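**Q** task: produce atomic coordinates for the following.
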Amino acid sequence: MDSEKASEAMDFLVTYAAEYAIAVVGVIVILIVGFIAAGWVGRAVRSVLGRSKKTDPLITNFVAAVARYGVIAFTIIAALDQFGVETTSFVAVMGAAGLAIGLAFQGTLGNLSAGVMILAFRPFRQGHFIEGGGVAGTVDSVSLFVTEMHTPDNVHIIVPNGSLWNTAIRNYSHHATRRCDFVLGIGYSSSHVEAMKALHAMAETDARVLKEPAPQIVVSNLGDSSVDITIRLWCNAGDYWGLKFDFTQAMKEKMDELGIEIPFPQRSVHMIKDAAD
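**A** The predicted structure is shown next:
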């Protein structure tokens, strides 16, 4: 009798193990195929969207990532179904769990929604130099939760999308042209007319300075120790820093050549001797 029970138990275990092994193999196959398919779908979406020159690379990368993760989610559900898990109940449980997780990770989901808003309204594009969220740099990519940038000295910055979307964003690359401003202080004993004439000539001979809008050179302030001349020059956005540095140096050299004083802050003190002394 005992031998019969042992035989029955062994048969049950063998049958169960065989069925379980088949299920495990099926799950492994589904996961392998699913993850391969997810990678293929992501690359295909990126390739299709990348063919259009009008499609922003930021949108291309974002949509490709969403498509990839969507296939992965479908693969996981299919693997659970292979194990006999009721997917309808599983989805309901995941929905309830998602609500709890959403409350716990409000910031993370906020970054996700901010990423969607950034790609929908596109306040900046890949390669634009922006300032926002307390940092400034050139945009490299926008993913589901973060925006990656690098600074002019090549420091990598990762900024949560929510930090960017919820603050004012300065996009220095949005317009094709920028205005380059300078303030030059000259001494009261020097001729401001001669200085302004020289500055106009400098602006006219620099090929980076645009003719329209025309350069503006005016006396903007009579300071304690200097006559302040404001220079406003328009240039292409890519020429901004080169013009800024070169014109600043050229102003100093030109004023030295003309003998025009660039004073430093100073105060004159007059000593009045008491008549009784």
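**Q** ok now do the residue nearest the centre of the chain, which residues does it touch?
**A** Nearest to the mean C-alpha position of the chain, by C-alpha atoms, centre = their mean, lies V139 at 3.7 Å. Contact analysis of V139 by C-beta atoms under 8 Å, 6 or more residues apart in numbering lists L58, F124, R125, Q126, G127, H128, F129, I130, T147, E148, M149. In short, each C-beta sits where N, CA and C put it, glycine included.
**Q** confidence-wise, which of those comes last?
**A** Per-residue confidence across the contacts of V139 is lowest for L58, with 66 (pLDDT).
**Q** which non-adjacent residue is nearest D228?
**A** Using C-beta to C-beta, 6 or more residues apart in numbering and skipping the chain neighbours, the partner closest in space to D228 is N221 (4.0 Å).
**Q** for L144, see how far away the one you found is.
**A** The spacing between N221 and L144, counted by C-beta to C-beta, to the nearest Å, is 50 Å.
**Q** the more surrounded of the two?
**A** L144 (15 against 12; other C-beta atoms under 10 Å).
**Q** can you classify that one by secondary structure?
**A** coil (DSSP: H, G, I helix; E, B strand; the rest coil).
**Q** quick one: it and F62 touch, right?
**A** Yes - contact criterion C-beta atoms under 8 Å: L144 and F62 qualify, at 7.3 Å.
**Q** what residues are shared contacts of these two?
**A** Joint contacts of L144 and F62 (C-beta under 8 Å, 6+ apart) are G115.
**Q** that's a strand at the residue nearest to the centre of the chain, yeah?
**A** Yes - assigned with three-state DSSP, V139 falls within a strand.
**Q** let's see which of the contacts of V139 end up in strands.
**A** F129, I130, T147, E148, M149 (DSSP state E).
**Q** out of the residues you listed, which is most surrounded?
**A** The member of the ones in strands among the contacts of V139 that has the most neighbours, counting by other C-beta under 10 Å, is T147 with 28 neighbours.
**Q** let me see the contact set for that residue.
**A** G115, I118, V139, S141, I158, V159, P160, N161, L164.
**Q** ok, K197 next?
**A** Contacts of K197 (C-beta under 8 Å, 6+ apart): none.
**Q** and it, what element?
**A** helix 192-205 (DSSP states H and E).
**Q** the residue nearest to I260 when sequence neighbours are not counted and V227: what is the separation?
**A** Sequence neighbours aside, S190 is the residue nearest to I260 in space, at 4.3 Å (criterion: C-beta to C-beta, 6+ apart). Per C-beta to C-beta, S190 is found 8 Å from V227.
**Q** also V209?
**A** 23 Å.
**Q** could you count how many residues lie near the residue nearest to I260?
**A** Using other C-beta under 10 Å: S190 sits among 18 other residues.
**Q** wait, a strand at it?
**A** No - counting by three-state DSSP, S190 is not part of a strand but coil.
**Q** tell me where the stretch 51-200 of the chain has strands.
**A** 129-132, 135-142, 146-150, 156-160, 170-171, 177-186 (DSSP state E, counting those that start in this stretch).
**Q** and the fourth one, what does it pack against?
**A** Pointing back at strand 156-160 there. helix 106-121, strand 135-142, strand 146-150 (3 or more C-beta pairs under 8 Å, 6 or more residues apart in numbering; DSSP states H and E).
**Q** mind putting these into CSV with distance to L258?
**A** Converted to CSV, these look like this (distance: least, C-beta to C-beta, whole Å):
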stretch, distance to L258
helix 106-121, 51
strand 135-142, 37
strand 146-150, 42
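**Q** pLDDT weak spots in the stretch 101-250 of the chain?
**A** 101-108 (pLDDT under 70).
**Q** OK, contacts around the residue nearest to I260?
**A** Counting by C-beta under 8 Å, 6+ apart, S190 has contacts V227, G259, I260, E261.
**Q** A250: which of those is nearest?
**A** I260 (13.5 Å; C-beta to C-beta).
**Q** how far away is the closest one from M196?
**A** Shown here: I260 relative to M196, a distance of 11 Å by C-beta to C-beta.
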